[in-house]
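Enquirer: Pasting the sequence and the predicted coordinates here, then a few questions.
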Amino acid sequence: MSKTKPLTALKVAKIKEPGRYPDGDGLYLQIGPTGSKSWLFRYQVDGRERFMGLGSTKAFSLKEARERARRARQLLADGIDPIEHRLASRDADAKTARERLTFKDATDQFLAVHEAGWKNDKHRAQWRSSLKTYAFPKLGDRAVASIDAALINDAVAPIWSKRPETARRTRDRIERVCQWVKDGMPLPTRNGLVKRHHAALPWQDLPAFMAELRQRQSISARALEFTVLTAARTGETIGATWDEIDIDAKVWTIPAERMKSHRPHRVPLSAPVVDLLTALPREDDYVFIGGREGQGLSNMAMLQLLRDLRPGTTVHGFRASFKTWCDESQHVENNVVEAALAHITGDRVEAAYRRGDMLAKRAKLMSDWAAYMTTPKGKTGKVLALLAAAG
């Protein structure tokens, strides 16, 4: 059997026919259908053939390609897959780059990714101006990885007493940018909504939808109304029992075993929710009774009703509507919104410092949410202001 004849620099330059040409020891010259030339390293791991790109012939000479192939063979000799090693190195480099990213650069990147999805011009302008004015002087040149709660508090402290609302919003925006970098700088979901399959109504359309829903006289209609007003999940609603409801305290306490987070969750009940519950029959342990005694409402009942009212939307999507309403018209602290949605956020250290569930703040938020959806337009200045802010 004849041994593979090594390539020469002249042959690499002259050869034009598409194909793969061996140099030996796993190195190949690859010529594509368009005439592009690149280097490949062929090897096997656990009986599986793999090809590792080593760059184009324009970037690397034959001598350099052989050196790159040699380093790959050294990794294989140590039991390391060269491709996986390269990917791990790239991930490490990306992480290092994120750790070195300054807050100012992170803000620019955050806004470039997110502000196109914000329909409110005033909201976009406030985001940029508040961070430029109050955050950049002390945090702008700092690496995001080095920014902690003390530094954030120090940045907003000068305006905390004079302009408390601006200070709170600025702090929340700083925290959001830092968390975005920590999470790997993810792209926003389409239309700013959570999870692709949870189609949601725009929050601007909710007052009309809720008015239409209240005209339906059925348990599934009341369950859906309750779900929207509390920003709950379907399973949390249909599994609700009367012993979880404290009408006097205006609190619904969902036990840990019924929560996705496996933690107990208290839900503040707004006045419209209390009225809704008070009007319900108490014929069973379940708040929303099903077709059979001793069973709650079917998990499809609300979705079937919604398909009739707004085809193509989902029950879970109302949580996305709530989140977007908070982001675009209320400027609520992000941690309060996440707590209302029963999301677990932050690391263990952050959780240790944030022991409360912010029930009082969430009660105010849920009351405003209910008022927005249940007050006829034009009857209160508050609703008009919200609609105007939405642009």
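Expert: Looks like it arrived, so ask away.

Enquirer: same for the helix or strand harbouring residue 89, what does it pack against?
Expert: Using DSSP states H and E, residue 89 falls within helix 82-100. Applying 3 or more CB pairs under 8 Å, 6 or more residues apart in numbering; DSSP states H and E, one finds that helix 82-100 contacts strand 48-56, helix 62-77. Where you see a C-beta, it was placed from the backbone N, CA and C, and this is true even at glycine.

Enquirer: Show me what the next helix or strand after it is packed against.
Expert: Using DSSP H and E, the helix or strand that follows helix 82-100 in sequence is helix 103-114. With contacts defined as 3+ CB pairs under 8 Å, 6+ apart, helix 103-114 has these neighbours: helix 121-130, helix 136-139, helix 164-182.

Enquirer: Dump those helices into a markdown table; add mean pLDDT, mean neighbour count and distance to residue 313 as well.
Expert: Shown next, in a markdown table, are the helices and strands packed on helix 103-114 (pLDDT from 0 to 100; neighbours: other CB atoms under 10 Å; distance: least, CB to CB, whole Å):
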| stretch | mean pLDDT | mean neighbour count | distance to residue 313 |
| --- | --- | --- | --- |
| helix 121-130 | 85 | 15 | 24 |
| helix 136-139 | 94 | 18 | 40 |
| helix 164-182 | 87 | 18 | 27 |
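
Enquirer: Let me know which of these is the nearest to residue 154.
Expert: Judged by CB to CB, the one of the helices and strands packed on helix 103-114 that comes nearest to residue 154 is helix 136-139, at 6.4 Å.

Enquirer: Check what contacts that closest one and list those residues.
Expert: 103, 104, 107, 147, 151, 152, 154, 155, 174 (CB atoms under 8 Å, 6 or more residues apart in numbering).

Enquirer: swap the cut-off to 7 Å and go again
Expert: 103, 104, 147, 151, 154, 155, 174 (CB atoms under 7 Å, 6 or more residues apart in numbering).

Enquirer: One more: stretch 220-236?
Expert: Counting by CB under 7 Å, 6+ apart, 210, 213-214, 237-238, 254, 258, 260, 267, 270, 272-273, 276, 280, 288, 297, 299, 301-302, 305-306, 315-316, 318-319, 322, 340-341, 370 sit against stretch 220-236.

Enquirer: Please indicate which of these are buried?
Expert: Buried members of these, counted by 16 or more other CB atoms under 10 Å: 210, 213, 237-238, 254, 258, 267, 270, 272-273, 276, 280, 288, 297, 301-302, 305-306, 315-316, 318-319, 322, 340-341, 370.

Enquirer: Filter those down to just the ones in strands.
Expert: Among the buried ones among the contacts of stretch 220-236, the residues falling in strands (DSSP state E) are 254, 267.

Enquirer: sorry, back to before: the helix holding residue 89 - what's its average pLDDT?
Expert: Helix 82-100 shows a mean pLDDT of 79.

Enquirer: tell me how far it is from the chain's mean position?
Expert: Relative to the chain's own centre, helix 82-100 is displaced by 23 Å; criterion: CA atoms, centre = their mean, to the nearest Å.

Enquirer: Specify the angle between it and helix 103-114 in degrees.
Expert: Orientation check (axes from the mean of the first three to the mean of the last three CA atoms, to 10 degrees): helix 82-100 against helix 103-114 gives 110 degrees.

Enquirer: residues making contact with helix 82-100?
Expert: 50, 52, 72, 75, 76, 143, 145, 181, 185.

Enquirer: In three-state terms, label residue 43 for me.
Expert: For residue 43, the assignment made with DSSP: H, G, I helix; E, B strand; the rest coil gives strand.

Enquirer: what number of residues lie near it?
Expert: Neighbour count for residue 43, taken as other CB atoms under 10 Å: 19.

Enquirer: Who does it form a beta bridge with?
Expert: For residue 43, the beta-bridge partners are residue 50 (DSSP bridges).

Enquirer: how about it, what does it touch?
Expert: 26, 50, 76.

Enquirer: where are the low-confidence patches of the stretch 251-391 of the chain?
Expert: 293, 344-356, 375-391 (pLDDT under 70).

Enquirer: Residue 39 and residue 54 touch, don't they?
Expert: Yes: contact criterion CB atoms under 7 Å: residue 39 and residue 54 qualify, at 3.8 Å.
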